[in-house]
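Asker: Whatever this is, show me its structure:
(2 chains)
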Amino acid sequence: MTQQTFDLIIIGSGPGGYVAAIRAAQLGKNVALVESTHLGGICLNWGCIPTKALLKSSELYYTLQKLDEYGLEAKNTAFDLTKIVKRSRDIAGQLSAGVKHLLKKNKVTVFDGFGVLAGNQTVKVSKDNQPVVELKSPHIILATGARPRVLPGIEPDGKLIWTSKEAMIPEQMPKSLLVIGSGAIGIEFASFYRSLGAEVTVVEIADRILQAEDEEISAMARKAFEKQGMKILTGAKIAKLEKGKDNITAQIEANGKTETITFDRVISAVGITGNTENIGLENTRVQADRGHIVINPWCETHEPGIYAIGDVAGPPWLAHKASHEGIICVEKIFNIPGVHPLDVKKIPGCTYAHPQVASIGLTEAKAKTEGRAIKVGKFPFIGNGKAIALGESEGLIKTVFDAATGELLGAHMIGTEVTELIQGYAVAKTGELVEKDLMHTVFPHPTLSEMLHESVLAAYGKAIHF
Amino acid sequence: MTIEILMPALSPTMTEGKLARWLVKEGDEIKSGKVLCEIETDKATMEVEAVDEGTLLKILVPEGSEGVAVNTVIAALGEKGETYTSSAKSATPTASPPVATPSAPAAQPLIQQSKQPQQVMMREGRIAASPVAKRIAQERGVNLYAVIGTGPNGRIVKEDVETALSQSSAPQSAAPAVKLPTPAQAIPAAATGPNAKQLADLLGQKYTEVKNSPVRKIIAKRLTESKQTVPHFYLAVDCELDALLAARSELNKKENAKVSVNDAIIKAVALALREVPAANAAWTEEAILKYTDVDVSVAVATPDGLVTPIVKQADGKSLLDISKEMRDLAARARDNKLKPTEFQGGGFTISNLGMFGIKHFAAIINPPQGCILAVGAGEKRAVVKEDKLTIATVMSVTLSVDHRVVDGAVGAEFTAAFKKLIEAPASWLK
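Answerer: The predicted model follows:
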């Protein structure tokens, strides 16, 4: 078997791995990137991007149903599920090819195969169980990602019980669908299938959906989904799943009662778990804990020279967190001055349902439990001219400030396009702006972004349009 | 209208200081920016500049006063001919308790005073700090001039202020707010053996007492800690200086400069550190810090004791620039006029006693740095070359090494690199 030496080896080419590879290449380093399946990882191929393609189709279809509001008319509106899925797959393919091109342009050497650690400076790559090459480097980044978590009794079979992957490529539209779990993934699929007409039931074990979000936003989201006809059961659990020939019967315990409902399909979206197995961790001092690799703020593992980034290194499970960790990790390895560890309170999170949900930093409740004196600003979409013109007047932008310092502690939003708005506050948090800076910022009219301004003003009792 | 000038807080932790010297006298016309007086803290002497203009009506705290609490009124400005009548805040020059006035608790920095914001300048100019950092500093009473920023382009960010605050709340009497490895806790007097004063009194030995200056106390604390806790080892090597001396004379003649052998040693050390970056490092329990920049501290003797101004990024500077910078630093070090940023930090120290004819010595490591180079005198010695006895100018240097940071082989690699540079200066001494 041939042996090759690199300045850096990265295992996994998702948004953590490929970004880290390109950054290291920019620094003039000789980088090896090992990928067993497809360039771009889950994000590009089976996650963020293809689901956004699906959701665009369902959103348009949803809009078609209310064309009348806009003075438009269309007859015989319908959708072709095969074409919707094909579009999503084509987009994933296009982006994966894009990553391939970027890596080539940056002279990153890509190895097609499965990488396994064989000691602290060696990665053995194999393809179809045949050894391909042995790679050597003083620095190895593990960016192997994660996969759907499996709960006993709800094991996905790819046919009746789906994971996100099967849910992305349906051959037929299920008439009724049970979604287990109401995190971002569960809610996005629930929204997609509901918009296309499926009867959707969401079962959540906690007392509210989108648990990571601010309570008020979470309650508004629930109301919006229920208004669309989604059935939501919280504080509920699946007592039993019984598979039929082409359907599945669930016993759902909620509020002390047990309901038995039959569904066409079930989507299990109960979280994810890191890909820590079979990658040779046992040949090193790297430690894994409950499905993820243990790292310090510099993404360093217990084994000097081995690093972990992204989903395999634990939550928050977000592509942009993985990418940012990749850059921090690489710059730290190669001694670039001015590198700072990632602050999770500065990472925005987005859910692309209809309506969209986006947030950053502390929720109101969390800020209170930290014992801070806070100021809370709220601005509803109904107070924004652009939102009304768009026919999207439902939603809210909420800001939480530290009363003493004027620091923006958190921001929470629900409504159309809020996933595109949240970064305004991300910039404010990273630049450590205070309320006055935001108040003095000029926002263009008429835009949805004006609500970012108004929410800040509202926190200090100065909102103009509400 | 009378404007009261208050004792400034020069660091977030400062509660009192010594008013070392007045540079103006009563009746003087004061223009904004004029240096009024010098304040001495445990760290440095700093100048206080006027923000407001007017006639200096009265000096309320005489120079030489020690233990002047922060926010004590030290002088008053006003219209010409006006007489100063003390406001509620009475001046208590010496040993005033930290809480001097009910309305303005002690240890509040100037930034918080609405009347005369930023009365004190350390001649550092505008502070780059994030809005949140500024706000927290204002709320919590942190003097941003004493905080080192770690954000983009050295901007002070929230974390830096919080670090300064946590350091100042630590049970340490003189913790600096600057983000530097702090010299350990004070060594209790009892730990240093029998009290010399008690013993002398007991035995009737005669003596005079020279009061310890703040600088002297810091030196004592840091060096005791270093010698007691850092596992030192020593590497000595002889370097022939003839080529260097010749190159230096030529350079000085050509450039009409005054480059010293010590300047050349600074440059050679910097270049050797670039070759062996492992020697430019410090120990922490979690990790060895390998400094990115080559910042060379140079020990300078002052009437008060030793200070170590830093030639920053010395590897990238020309010898002439190093020479100029070092002359300026040494002069200001002797006048006690260095800014904290000019002597705190550094990655490696040079201590040169060659001018005193010392042949060889071993220095105590300047923590948290990992190495210090002790430089002896260049003298003519008999050396053996190609089996023949001949004369060469030889200088002995001794590297003291923290074994936790740098192992013997790495230390030897550094001394070898240094020797090679000193003996073959053609490539760099120009």
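
Asker: Endpoints of stretch A:249-260, how far apart?
Answerer: End-to-end distance for stretch A:249-260: 7 Å, by CA to CA, to the nearest Å.

Asker: Roughly how far does the residue most central in space within chain B sit from B:E40?
Answerer: The centroid of chain B falls nearest to B:F343 when counting by CA atoms, centre = their mean (3.0 Å). B:F343 sits 15 Å away from B:E40, going by CB to CB, to the nearest Å. C-beta here means a position set from N, CA and C on the backbone, and glycine is covered the same way.

Asker: Repeat that for A:C329.
Answerer: Using CB to CB, A:C329 is found at 45 Å from B:E40.

Asker: same check, this time on A:R208
Answerer: The value you get for A:R208 to B:E40, if CB to CB is used, is 61 Å.

Asker: B:P8 too?
Answerer: Distance of B:P8 to B:E40, computed by CB to CB: 12 Å.

Asker: between those two, which one's more packed in?
Answerer: Neighbour count, other CB atoms under 10 Å in any protein chain shown: between B:P8 and B:E40, B:P8 has more, with 26 against 20.

Asker: The more buried one belongs to a strand?
Answerer: No. Applying DSSP: H, G, I helix; E, B strand; the rest coil, one finds B:P8 to be coil, outside a strand.

Asker: how about it, phi and psi?
Answerer: Main-chain dihedrals, B:P8, degrees, to the nearest 10: phi -80, psi 160.

Asker: And stretch B:262-279, what's buried?
Answerer: The neighbour-count check on stretch B:262-279 (16 or more other CB atoms under 10 Å in any protein chain shown) flags B:262-273, B:276-279 as buried.

Asker: Equivalent analysis for stretch A:106-126, please.
Answerer: A:108-111, A:113-117, A:120-125.

Asker: Filter these down to the ones in strands?
Answerer: Members of the buried residues of stretch A:106-126 lying in strands (criterion: DSSP state E): A:T109, A:V110, A:F111, A:F114, A:G115, A:V116, A:L117, A:T122, A:V123, A:K124, A:V125.

Asker: Am I right that A:V133 is in a strand?
Answerer: Yes. Per three-state DSSP, A:V133 lies within a strand segment.

Asker: which ones are touching it?
Answerer: Residues in contact with A:V133 (CB atoms under 8 Å, 6 or more residues apart in numbering or on different chains) are A:M1, A:T2, A:Q3, A:Q4, A:F111, A:G113, A:K124, A:V125.

Asker: Alpha carbons of stretch B:17-37, as PDB, please.
Answerer: C-alpha atoms of stretch B:17-37 as PDB (Å, rounded to 0.1, in the frame of the first residue of the first chain):
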ATOM      1  CA  GLY B  17      -1.200  55.400  44.600                       C
ATOM      2  CA  LYS B  18       1.700  57.600  45.200                       C
ATOM      3  CA  LEU B  19       1.600  61.200  43.900                       C
ATOM      4  CA  ALA B  20       5.200  61.100  42.900                       C
ATOM      5  CA  ARG B  21       5.800  64.600  41.400                       C
ATOM      6  CA  TRP B  22       4.000  67.800  40.400                       C
ATOM      7  CA  LEU B  23       5.000  69.200  37.100                       C
ATOM      8  CA  VAL B  24       3.000  72.400  37.500                       C
ATOM      9  CA  LYS B  25       2.700  74.900  40.300                       C
ATOM     10  CA  GLU B  26      -0.100  76.900  41.800                       C
ATOM     11  CA  GLY B  27      -1.000  79.900  39.600                       C
ATOM     12  CA  ASP B  28       0.100  78.100  36.300                       C
ATOM     13  CA  GLU B  29      -2.100  78.500  33.300                       C
ATOM     14  CA  ILE B  30      -3.100  75.000  32.300                       C
ATOM     15  CA  LYS B  31      -3.900  74.000  28.800                       C
ATOM     16  CA  SER B  32      -5.700  70.800  27.900                       C
ATOM     17  CA  GLY B  33      -3.200  68.000  27.400                       C
ATOM     18  CA  LYS B  34      -0.600  69.500  29.700                       C
ATOM     19  CA  VAL B  35       1.000  66.900  32.000                       C
ATOM     20  CA  LEU B  36       0.100  67.900  35.500                       C
ATOM     21  CA  CYS B  37       1.700  65.300  37.700                       C
END
